[in-house]
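*Asks:* I would like the atomic coordinates for the input below:
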Amino acid sequence: MPLTTPTLETERLRLRPFNDADGEDLFALQSDGFVLRYWDSPPWTDRASIARFMAGCLRMAEDGGGVRVAIEHNTNQEFLGWCTFNSWNPDFRSASLGFCLNQAAWGHGYATEAARALLGWAFETLDLNRVQAEADTRNIASARVLEKLGFVREGTLREDCIVNSDVSDSWIYGLLRREWAN
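*Replies:* Got it, this is the predicted structure:
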C-alpha cells in the first residue's frame, strides 16, 4: 500500500516532500565528506545522484516502504537536511529511522525535533510497534539524538561498514510503541 509523504510543522521546522528546487542543497549535503564521515556510503561526486535520490524517495512512498522528507527552517525555508522513515514492514509492524543534516544545522536540536515529528506521524498513522535506528559508534551526536527520542541501545554490530577502506562498528537502537513518549 502506498504511503503519502507527509508535510509536518514543528515549532521551528517544516518537514515536506522533496522538490526539484532542493537539488543543489541536497547535492551540497550529500557531497560533504565531513558530514558523511560516519555514513555507510561515500559522498556523492556526480549530480546524477540527485535524480536517483529523488526517484528513490518517490519509489519508497509508492511501494509503501517508507517516506523521506526534506527538513527546512520554517521562517526562511533554509534547507537543513532530511529525515527518513523506511523499511516499513506491516507484518512485523516495524520500520527504521534515519536523518542527515548539514553542518550548519548541527547543535541546534533540529535533528531531534525533525525525527520526533516524523516518529509521531509514523506512530499515529501506522500500526507501528517498533522503530530501529543505527549510528556509527564514533558518531556520538547521532547517538545522543536517538537517546533523547527514547531509543534504547540494544547492541553493537561489529565491523558493520567498510567505506573507503575504513572499517567501523554500528550501534543498533530500538524504540517500542509503549516507550514512545512524544
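
*Asks:* Show the subsequent helix or strand relative to the helix or strand bottoming out on mean pLDDT in the chain.
*Replies:* Taking mean pLDDT, DSSP states H and E as the measure, strand 152-163 is the helix or strand of the chain with the lowest mean score, a mean of 93. Using DSSP states H and E, the next helix or strand after strand 152-163 towards the C-terminus is strand 166-176.

*Asks:* List the buried residues in that following strand.
*Replies:* By 16 or more other Cβ atoms under 10 Å, the buried positions in strand 166-176 come out as 168, 170-175. For every residue, glycine as well, the C-beta is placed using N, CA and C.

*Asks:* for stretch 51-66, same thing?
*Replies:* Result for stretch 51-66 [16+ other Cβ under 10 Å]: buried residues 53-54, 57, 60-61, 65-66.

*Asks:* Over to stretch 130-145?
*Replies:* Residues 131, 133-137, 139, 142-143, 145 are the ones in stretch 130-145 that count as buried (16+ other Cβ under 10 Å).

*Asks:* now it: how far from the chain's centre is it?
*Replies:* Here the centre of mass of C-alpha atoms in stretch 130-145, compared against the chain's by Cα atoms, centre = their mean, to the nearest Å, lies 11 Å away.

*Asks:* Then stretch 69-81?
*Replies:* With Cα atoms, centre = their mean, you get 14 Å for stretch 69-81.
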